[in-house]
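**Q** Give me a model of this one.
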Amino acid sequence: MITASSSSSFANSSTSSTCTSIHCSDSASASEEEVSRSDDEIIAPQNQEKIDFQHRRLSTCSSKYDKESKGYLNKYEQLARSLDSNNRGSIDPETVVKLLKEQDTLKKRQWLLILGNLIQWLPIIVGAVYTFVRFSERQYQQNVGGKILTSTDYIQKGIVSSEEIHSLWELSEGHAYPLTEQQRQDYLRDGFVVLPDFLTEGESQALDKVVTHSLDELAFPDLLTKCSRKFHGEHYHSSVTHRFWQQPRISDMLSTLALDGDTAYMVTSEILEMPNGAACIPQWHWDFLTFPQNYNASFTTGTQIWWSSEEVDGNMGGGLAFLPGSHKWANSVDEGAALHPCFAMNLFDEVSPECTQLLDREMVIPKLTPKDIVVFSRFTLHRSVARNPSTPFANPSGRKGYTLRAGSARSIFKQDTMECFPSHPSSNFEGQLKKGQRYDSVIDKETGLPNPHAIYRPMNVRDSEELIIREGNGGRSMSTTTFLHYSAQSVIRQKIKWKFAKHVEDAVNGVAQRRLLDISCKAEPTPDVIPSSEDIGVSCKAEPTPDVITSSEDIGVIAYTSQVV
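**A** As a prediction, the model looks like this:
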């Protein structure tokens, strides 16, 4: 027989050196009363008199289980006492052995449960690791690795033919888009306008093939939005789309329609793939933070082209919603512009219910086919619209939205556009503009041609594939050190200075029931930089585009030469 005093834990007790069969001299009523006493009464005495009273009421058997002479039994001692059903003051060896066996069985079950949970969560863990590895690999390729897809790559892999590439480089066989004065007035009034039939059916199909291949080769899983895949800076990695944007039908149109006659400069491009049933970015937002330039400037200093691979409208969904006139809400620079109460200066602030009602009531969802484009200002409010389940996308993978962001020649370069937000990757590329420089400072004063190392390229001068490949592997990429610094900066700014600090702030203020703590970073525009006093000495007006390929044979020659460079 095992005495209660032989171990502090009955589960690990060994047999006592002294065995006895003598019963304790408790009265049955006292023993029963002691075992059944509540925890509150027994465990937490209020004063010494109560402890003495409880101690006096402990039976002889129960006292043997009071290991620290407290005068009462804690919950573990009560459990041990409850196992002494014969009131012997000790526990039978058979009971201890039984408990140890049950303990081993529970341990085995616990390991089986852990193994089952691992098997259950294994696909999720593997998927998360794969996503992180793929994300890091693609980010490296886009920003450091300098991978360039040339016309040869697309042709040799059977993505498109040389004739299709030629059609993309010579939209509508080089004819200018018949822009009307009404379209220009619509853009100035609303901040966006649809340009129908900007592409032919064949050109839109060829562009879809090129964009899809670019996604397959270099896109990374989108960890921030509900898009399935994302590819930032796409034209830096495809000589076909890079040269696609550099043609008069596009550059002259942007200059006349949106940039007040200035030459358009390619800032960045992106492809977002939106699945059925989910909007990529359903929140209302502005894109001015993706334009590395001064914030307090005219809406004519930055514009965007958006193309959809599938037909979209207000009934089918899948496109973009715009708020007419919101391009004049951000500042008071332009005529008739003023800071609007619904302009969320802090990017992370939620839009108020009143503003949400206003936006949803006044929004416009334009109809677009793959032959159309929509042009909208960097300050125009917009958001994604989910696809109607009754009319799913024709492509099972979803709709591809292709965006080009262009700044005007007079735009002032600024690396960090928003507090608490990482600077745009392209603003960290080697050989970038310096703070305060105009975009057109890349133009050589003597030749009138852009510096071959310039990152933001003018759209009225077409670059050769050789130049795109050479600079893509050099100037238009980050060093590994810069990439690591940029990645760390992004984590610190978004995850620590904003998100983690916001959680702490909300928790403290929630307990205090007032705004006691204000430590989180606010995503507000950074102070504008002072323009450089250097005299540029070049014209910033759009001029005809030189170096246009005129035959499909030329495409093959350049592609072959590019392969050698």
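**Q** Low-confidence bits of the stretch 201-350 of the chain, can you list those?
**A** 222-224, 345-349 (pLDDT under 70).
**Q** so where do the helices sit in it?
**A** Here the stretch 201-350 of the chain has its helices, by DSSP state H, counting those that start in this stretch, at 201-218, 239-245, 248-257.
**Q** Just say which of the ones you listed is most tucked in.
**A** Across the helices of the stretch 201-350 of the chain, averaging neighbours per residue (mean count of other C-beta atoms under 10 Å) puts helix 239-245 on top, at a mean of 24. For every residue, glycine as well, the C-beta is placed using N, CA and C.
**Q** Would you mind writing the CA trace of that helix as PDB?
**A** Taking C-alpha atoms only, helix 239-245 is exported to PDB below (Å, rounded to 0.1, in the frame of the first residue of the first chain):
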ATOM      1  CA  SER A 239      11.200  44.000 -74.900                       C
ATOM      2  CA  VAL A 240       8.000  43.300 -76.800                       C
ATOM      3  CA  THR A 241       5.700  45.300 -74.400                       C
ATOM      4  CA  HIS A 242       8.500  47.900 -73.800                       C
ATOM      5  CA  ARG A 243       8.500  48.700 -77.500                       C
ATOM      6  CA  PHE A 244       4.700  48.300 -77.700                       C
ATOM      7  CA  TRP A 245       4.200  51.400 -75.400                       C
END
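**Q** Tell me how many other residues surround residue 433.
**A** Neighbours of residue 433 under the rule other C-beta atoms under 10 Å: 23.
**Q** Which residue, neighbours along the chain excluded, lies closest to it?
**A** Nearest non-adjacent residue to residue 433, counting by C-beta to C-beta, 6 or more residues apart in numbering: residue 413, 4.1 Å away.
**Q** thinking again about what came up before, out of the helices of the stretch 201-350 of the chain, flag the one nearest residue 332.
**A** Residue 332 lies closest, by C-beta to C-beta, to one member of the helices of the stretch 201-350 of the chain: helix 248-257, at 23.1 Å.
**Q** what ranges of the stretch 351-500 of the chain fall below the confidence cut-off?
**A** 473-476.
**Q** now do 90
**A** Applying pLDDT under 90 to the stretch 351-500 of the chain flags the ranges 351-356, 415-432, 445-446, 448, 452-455, 469-500.
**Q** what about the strands in it?
**A** 373-377, 382-384, 399-408 (DSSP state E, counting those that start in this stretch).
**Q** other SSEs contacting the shortest one?
**A** The reference is to strand 382-384. strand 320-322 (3 or more C-beta pairs under 8 Å, 6 or more residues apart in numbering; DSSP states H and E).
**Q** Quick check: the gap between the residue nearest to residue 433 and residue 151.
**A** 30 Å (C-beta to C-beta, to the nearest Å).
**Q** Ok, residue 465 next?
**A** Relative to residue 151, and taking C-beta to C-beta, residue 465 is found at 7 Å.
**Q** If you count surrounding residues, which of the two has more?
**A** A count of neighbours by other C-beta under 10 Å puts residue 151 above the other of residue 465 and residue 151, at 27 against 24.
**Q** which residues does residue 269 contact?
**A** Shown in contact with residue 269 (C-beta atoms under 8 Å, 6 or more residues apart in numbering): 233-236, 241, 245, 402-405.
**Q** make it 7 Å
**A** By C-beta atoms under 7 Å, 6 or more residues apart in numbering, the residues touching residue 269 are 233-235, 403-405.
**Q** Also residue 229?
**A** 215, 219, 221-222, 273.
**Q** Against residue 202, how distant is it?
**A** Distance from residue 229 to residue 202, by C-beta to C-beta: 25 Å.
**Q** just residue 318 next, same as before
**A** For residue 318 relative to residue 202 (C-beta to C-beta), the value is 23 Å.
**Q** Equivalent analysis for residue 479, please.
**A** Residue 479 is 41 Å from residue 202, by C-beta to C-beta.
**Q** So residue 469 is in contact with residue 148, correct?
**A** Yes - counting by C-beta atoms under 7 Å, residue 148 is a contact partner of residue 469 at 5.1 Å.
**Q** what sits in contact with each of the two?
**A** residue 239.
**Q** Can you give me the buried ones in stretch 317-328?
**A** Within stretch 317-328, the residues that count as buried by 16 or more other C-beta atoms under 10 Å are 317-323, 325-328.
**Q** show me where the stretch 201-350 of the chain has strands.
**A** 220-221, 229-232, 264-274, 302-308, 320-322.
**Q** Surely residue 168 and residue 202 touch.
**A** No - with contacts counted by C-beta under 7 Å, residue 168 stays clear of residue 202, the gap being 9.7 Å.
**Q** check contacts around the closest residue to residue 456 other than its chain neighbours.
**A** Distances taken as C-beta to C-beta, 6+ apart place residue 265 nearest to residue 456, at 4.6 Å, with adjacent residues excluded. By C-beta under 7 Å, 6+ apart, the contact set of residue 265 is 406-407, 409, 439, 456-459.
**Q** Could you list everything residue 265 pairs with in the sheet?
**A** Counting by DSSP bridges, residue 265 is bridged to residue 407, residue 458.
**Q** And the helices of the stretch 201-350 of the chain: which comes nearest residue 500?
**A** helix 201-218 (30.9 Å).
**Q** and for that closest one, what are the contacting residues?
**A** 138, 141-142, 147, 149, 154, 159-160, 164, 167-168, 171, 199, 229, 231, 234, 237-238, 240-241, 271, 273, 309, 370-371, 400, 402.
**Q** switch to 8 Å and redo it
**A** With contact meaning C-beta under 8 Å, 6+ apart, helix 201-218 is reached by 138, 141-142, 147, 149, 154, 157, 159-160, 164-165, 167-168, 171-172, 199, 229, 231, 234, 237-238, 240-241, 244, 271, 273, 307, 309, 370-371, 400, 402.
**Q** Can you select the buried ones among the residues you listed for me in PyMOL?
**A** Buried members of the contacts of helix 201-218, defined by 16+ other C-beta under 10 Å, are picked up in PyMOL with:
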select buried, resi 138+141+142+147+149+154+159+160+164+165+167+168+171+172+199+229+231+234+237+238+240+241+244+271+273+307+309+370+371+400+402
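**Q** circling back: put together a markdown table for the strands of the stretch 351-500 of the chain, with distance to residue 524 on each row.
**A** Below are the strands of the stretch 351-500 of the chain laid out as a markdown table (distance: least, C-beta to C-beta, whole Å):
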| stretch | distance to residue 524 |
| --- | --- |
| strand 373-377 | 20 |
| strand 382-384 | 20 |
| strand 399-408 | 21 |
